[in-house]
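K.L.:
Sequence first, predicted coordinates after that:
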Amino acid sequence: MMETIKKWWRCCRRWPAHLKLKIMRYVVMNLFLAVLNYATSPHCWWVGWVALGWGLSLSMEIISWYYTDKEEK
């Protein structure tokens, strides 16, 4: 288990800049959308659907990068 965690952290340290940028963009934009959602319609939290869809797409891209990177070596 610890070896898996160590491998994951080694992998995270060498993530490409474009993936780090996409993750930062995801966090910042979803925070902005959450504030906007709270200000305009606090009774209906539509921002959760946006975060879920975008997060699924982002996680698929990270998984794709992880396995593609392993195959190239």
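P.N.:
Right, received. Where do you want to start?
K.L.:
what about this structure, any weak spots by pLDDT?
P.N.:
Scanning the chain for pLDDT under 70 picks out 8-13, 69-73.
K.L.:
Is residue 45 in a helix, a strand, or coil?
P.N.:
coil (DSSP: H, G, I helix; E, B strand; the rest coil).
K.L.:
Quick check: it touching residue 37?
P.N.:
Yes - taking contacts as C-beta atoms under 8 Å, residue 45 lies within contact range of residue 37: 6.2 Å. For glycine as for every other residue, the C-beta is placed from the backbone atoms N, C-alpha and C.
K.L.:
Between the two, which has more neighbouring residues?
P.N.:
For the pair residue 45 and residue 37, the greater number of neighbours falls to residue 37 (17 against 12), based on other C-beta atoms under 10 Å.
K.L.:
For the residue nearest to the more buried one when sequence neighbours are not counted, give its distance to residue 30.
P.N.:
Nearest residue to residue 37, sequence neighbours excluded (C-beta to C-beta, 6 or more residues apart in numbering): residue 47, at 4.2 Å. Using C-beta to C-beta, to the nearest Å, residue 47 is found at 7 Å from residue 30.
K.L.:
CA atoms only: put stretch 21-31 into CSV for me.
P.N.:
The C-alpha trace of stretch 21-31 is given here as CSV (Å, rounded to 0.1, in the frame of the first residue of the first chain):
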residue,chain,number,x,y,z
LEU,A,21,-3.1,24.4,-15.3
LYS,A,22,-6.4,22.5,-16.1
ILE,A,23,-6.7,21.4,-12.5
MET,A,24,-6.2,25.0,-11.3
ARG,A,25,-8.7,26.3,-13.8
TYR,A,26,-11.2,23.7,-12.7
VAL,A,27,-10.9,24.7,-9.0
VAL,A,28,-11.0,28.5,-9.6
MET,A,29,-13.9,28.4,-12.1
ASN,A,30,-15.9,26.1,-9.9
LEU,A,31,-15.4,28.4,-6.9
